[in-house]
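K.L.:
Need a 3D model of the sequence below.
(2 chains)
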Amino acid sequence: MKGFPAIAAWVLAVGLAIAWLVVSWFGLGGATAQMGLVLGAIGLSLAAGAVSLMSGRGESQKLAGRLDDLISMTGDQSCGPFDQIGATWIGSGASSDHSNPESTPKTWWEDRVLRLAESVQESAFRIEDLKSDRNVYDIRCRRALARVAKVEAVLTELGEPVLVINDYGDLVLANHAARELLGIEVDLNEPVAIESLVLNRRICELLRATIKRKAGKQRTDEMSLVDSDGNTRWFRVSTSRLHSGIPSLEIGGATVDTASMSAESSESRSQSSDINSVDFGREEKHRKGKMEQSGGAVAVFQDISDRRQLQRRGAEFVSSVSHEMKAPLASIAAYTELLISGDVDDDEDAKNEFLEAIDTQTKRLTRLVENLLNLARIEAGVVNVNKLNQSLNEILEEAANVIQPQAEAKHIELKTDLSPMYLGVLADRDMMLQTAINLLSNAVKYTADGGEVILRSRMVDDHVRFEVKDTGVGLSEEDRQRVFDKFYRVKSNSEMAPGTGLGLPLAKHIVEDVHGGEMTVASSLGDGSTFSVVIPGAGQMA
Amino acid sequence: MMSKTILICDDEMPIRRTAEFKLSRGGYTVISAGDGEEAWEKIQETIPDLLITDCQMPRLDGLGLIRRIRQDERTESLPVFMLTGKGFELLQENIDEQLNIQKIITKPFSPAGLKNIVDEMFETSCC
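P.N.:
Alright, predicted model coming up:
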């Protein structure tokens, strides 16, 4: 029993004991005396009780006052950081008579209140830690969201199609390029097996095989796909196993599984409406209700159509070059064998004929090789150019003489309509001669027997112009646009005029890159062609 | 015994000349043509005992010429050798069986070797 009731009881007991001793000692008798003693003891104990009560009330008031101080301080931010309130309160002594806040509490209630203050302070510390952790988490979240937004923006702008599946083979991400290429129209907010959205079996099998491999391992495959325009394009598809690298966060000493948190933000979604990212947390809960981190696999499509086309053209070129080279080589080999075998020993005419033929074929082969080398040199920019002021008409006449036998063999009339004026040009003679020969040779090749080829030259302002016009098969619009492409051969007439597809590209290079001129073609299918060359003039002589 | 008649069809004059020279020295009668159309016209005049034709030629190529020959009952059994510079693109197994090409000879070829193959073909067919 504590407090003033206890004090009063002790006082009463002591008072009665003293009264009894006095009565007994002094032999005071009588009921009156005894009654008086008892009343006196009671009065004494009541007085003591009153004194105790008043003293307790005072202490209670002090306690209430201190508690009020503590309450007001916890609610008043001006009292300082929350974690300092406890210490401030303990040391303030604002409404306390204690002058040394570090001293041992004098009363039980002070001890209790002190403990309460310490507990409050400790709680304040923990709350500050939580606030700090939350700030850190907020910062991380903002940074992560910013990264997500940046990645989503990159994926949107990326020209290469990208697909991502999770560990269960569900398609979880398809950027704009992938959607266009593969015809994916649905949102990916709910997990859908990739086979339901991507009809190409090889892509699906490649991705599924990838998720079975170790993280970081790549697989590649090349395949042709038909795009939304109906064009067949070749892609190199590279797949890689994804790391399950979603980081965890430490908050208040506890590890938070961030796989359960949404990867979306309203800002990122509004900025990249073309990308439908999946809430991995909902996805995982949907699957098994367990907290798991997803890895999956990513597929990136690299358009290699141009490379494939180049390879195909290169293969066609090699085949054509091989064929073109085999023709003169076969002739040389055959003639040589006949000479060596002695089959023509008794036929001097045949012997001479064969020797001349070998010479002709050798030159033919040499021209082919030179064409190839010249084209390579011009394209590489390492060709030696020897430009001199000379007559274009002289060069054209020589070219016509070279091609004349070829035209006669096909009964084609090769006419020249050269300007009576002196057409001076600053040109490399061999290159310009090669150009004219190529144009005339093509004209004869693509003109049927009995046709006509006209070589014409004129002065046009400060430039000189020459053209080769034929009555041949002409060019379709597609062929006309591509006729100067290296290796390109007009398919409809490849049987008519076997060649390498180098003559015109070489001629165009010579005219435009070496001489600063321009080469064009006007043609329509069935109506012949006119190849025109315009180069700067070097002035005229009287 | 009448000599066998061989039709040489190739747009390369040196090929025609060397093959014709060797085969004629070997006792064969040789007719030459510069492309498939010319060869077909000459076949209408005289059906040869053997056709040796190049593959790539203007106007009518070798395969086109052979298809015409196989579709004409007068020439459907005519033996055919094909000359080609594109060996890997004209493998025997890639040729339509209906064309019934007896031999594919890749260029450059030996005139003497060609004569030997021709001799062997006629000896086999005679037996």
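
K.L.:
Quickly check: the longest helix belonging to chain B near chain A or not.
P.N.:
If you go by DSSP state H, chain B has its longest helix at helix B:111-126. Yes - legend: contact between helix B:111-126 and chain A by CB under 8 Å from any CB of the partner chain is shown at B:111-112. To be clear about C-beta, it is placed using only N, CA and C from the backbone, and glycine gets the same treatment.

K.L.:
and that helix, what does it pack onto?
P.N.:
helix A:305-341, helix B:13-25, strand B:50-54, strand B:80-84, strand B:103-106 (3 or more CB pairs under 8 Å, 6 or more residues apart in numbering or on different chains; DSSP states H and E).

K.L.:
buried stuff in that helix?
P.N.:
Using 16 or more other CB atoms under 10 Å in any protein chain shown as the burial criterion, the residues of helix B:111-126 that qualify are B:111, B:114-115, B:117-118, B:121-122.

K.L.:
Next to chain A, which bits of chain B? Give me the list.
P.N.:
B:11-12, B:14-15, B:17-19, B:21-22, B:25, B:56-59, B:61, B:85-86, B:89, B:107-112.

K.L.:
can you pull out the strands in the stretch 101-250 of chain A?
P.N.:
A:162-165, A:170-174, A:192-193, A:218-226, A:232-241, A:249-251 (DSSP state E, counting those that start in this stretch).

K.L.:
Whatever helix or strand residue A:531 lives in - which strands sit beside it in the sheet, and in what orientation?
P.N.:
Per DSSP states H and E: residue A:531 is located in strand A:529-536. Partners of strand A:529-536 in the sheet, by DSSP bridges, are strand A:463-470 (antiparallel), strand A:518-523 (antiparallel).

K.L.:
now it, how far from the chain's geometric center?
P.N.:
In terms of CA atoms, centre = their mean, to the nearest Å, the centre of strand A:529-536 is set 46 Å apart from its chain centre.

K.L.:
Now do it, average pLDDT.
P.N.:
What strand A:529-536 shows for mean pLDDT is 96.

K.L.:
and residue A:422, how far is that from residue A:457?
P.N.:
11 Å (CB to CB, to the nearest Å).

K.L.:
Neighbour count for these two, which is higher?
P.N.:
Legend: neighbour count by other CB atoms under 10 Å in any protein chain shown for residue A:422 and residue A:457, higher for residue A:457 (22 against 16).

K.L.:
Overlap of the contact sets of residue A:422 and residue A:457?
P.N.:
Residues touching both residue A:422 and residue A:457 by CB atoms under 8 Å, 6 or more residues apart in numbering or on different chains: residue A:393.

K.L.:
Apart from its chain neighbours, what residue comes closest to the most centrally placed residue in chain B?
P.N.:
Residue closest to the average C-alpha location in chain B (CA atoms, centre = their mean): residue B:52, at 1.1 Å. Take residue B:52 and drop its neighbours on the chain: the residue closest to it by CB to CB, 6 or more residues apart in numbering or on different chains is residue B:81, 4.6 Å away.

K.L.:
contacting residues around the residue nearest to residue A:219 when sequence neighbours are not counted?
P.N.:
Spatially, and ignoring its direct neighbours in sequence, residue A:219 is nearest to residue A:239 (4.9 Å; CB to CB, 6+ apart). Applying CB under 8 Å, 6+ apart to residue A:239 gives the contacts A:206-207, A:210, A:218-220, A:297-300.

K.L.:
ok, the residue nearest to residue B:52 - how many residues close by?
P.N.:
Neighbour number of residue B:81 under other CB under 10 Å is 19.

K.L.:
returning to that earlier point: mind checking how far the residue nearest to residue A:219 is from residue A:302?
P.N.:
Distance, residue A:239 to residue A:302, by CB to CB: 12 Å.

K.L.:
From the contacts of residue A:239, list the buried ones, please.
P.N.:
Buried members of the contacts of residue A:239, scored by 16+ other CB under 10 Å, are A:206-207, A:210, A:219, A:297-300.

K.L.:
Which of these fall within helices?
P.N.:
Per DSSP H, the subset of those in helices is A:206-207, A:210.

K.L.:
Of the buried residues of helix B:111-126, just say which sits nearest to residue A:384.
P.N.:
residue B:111 (41.3 Å; CB to CB).

K.L.:
which non-adjacent residue is nearest the closest one?
P.N.:
residue B:22 (3.7 Å).

K.L.:
ok, that neighbour touching residue A:344?
P.N.:
No - the criterion here is CB atoms under 8 Å, and residue B:22 misses it with residue A:344 at 10.4 Å.

K.L.:
and the helix or strand harbouring residue A:17, how far from the chain's centre?
P.N.:
Assigning secondary structure by DSSP H and E places residue A:17 in helix A:4-26. Helix A:4-26 has its C-alpha centroid displaced from the chain centroid by 98 Å (CA atoms, centre = their mean).

K.L.:
could you say what helices and strands that helix packs with?
P.N.:
Using 3+ CB pairs under 8 Å, 6+ apart: helix A:4-26 touches helix A:31-75.

K.L.:
To what extent is the nearest residue to residue A:208 once chain neighbours are set aside buried, counted in neighbours?
P.N.:
Excluding the flanking residues, the one nearest residue A:208 by CB to CB, 6+ apart is residue A:169, at 5.5 Å. By other CB under 10 Å, the residues close to residue A:169 number 17.

K.L.:
Now do the contacts for residue A:169.
P.N.:
A:193-195, A:204, A:207-208, A:211.

K.L.:
out of the residues you listed, which are buried?
P.N.:
A:194-195, A:204, A:207-208, A:211.

K.L.:
Can you classify residue A:457 by secondary structure?
P.N.:
strand (DSSP: H, G, I helix; E, B strand; the rest coil).

K.L.:
partner residues bridging it?
P.N.:
residue A:466.

K.L.:
Looking at the buried ones among the contacts of residue A:169, which is nearest chain B?
P.N.:
For the buried ones among the contacts of residue A:169, the residue nearest chain B by CB to the nearest CB is residue A:204; the value is 33.7 Å.

K.L.:
Could you verify my assumption that the closest one touches residue A:198?
P.N.:
Yes - Residue A:204 lies in contact with residue A:198 (CB under 8 Å); the separation is 5.7 Å.

K.L.:
where does chain B have low pLDDT?
P.N.:
Within chain B, the segments meeting pLDDT under 70 span B:1, B:86-96, B:126-127.

K.L.:
what about 80?
P.N.:
B:1-2, B:58-59, B:85-98, B:125-127 (pLDDT under 80).

K.L.:
Pick the one among the contacts of residue A:239 closest to chain B.
P.N.:
Set against chain B, the nearest of the contacts of residue A:239 by CB to the nearest CB is residue A:220 (27.6 Å).

K.L.:
Which residue, other than its chain neighbours, is closest to the closest one?
P.N.:
residue A:238 is the one closest to residue A:220 (CB to CB, 6+ apart), at 4.9 Å.

K.L.:
need the contact list for that neighbour.
P.N.:
The contact partners of residue A:238, by CB under 8 Å, 6+ apart, come to A:218-220, A:299-300, A:302.

K.L.:
Please apply the same query to residue A:368.
P.N.:
Residues near residue A:368 by CB under 8 Å, 6+ apart: A:321, A:324-325, A:328, A:500.

K.L.:
Does it lie in a helix or a strand, and which?
P.N.:
Element membership of residue A:368 [criterion: DSSP H and E] is helix A:348-380.

K.L.:
domains of chain A?
P.N.:
Chain A breaks down into these domains under automatic domain parsing: A:4-108, A:158-303, A:308-380, A:387-536.

K.L.:
hang on, residue A:439 packs against residue A:468?
P.N.:
Yes - using CB under 8 Å, residue A:439 is in contact with residue A:468, at 4.3 Å.

K.L.:
Give me the common contacts of these two.
P.N.:
residue A:531.
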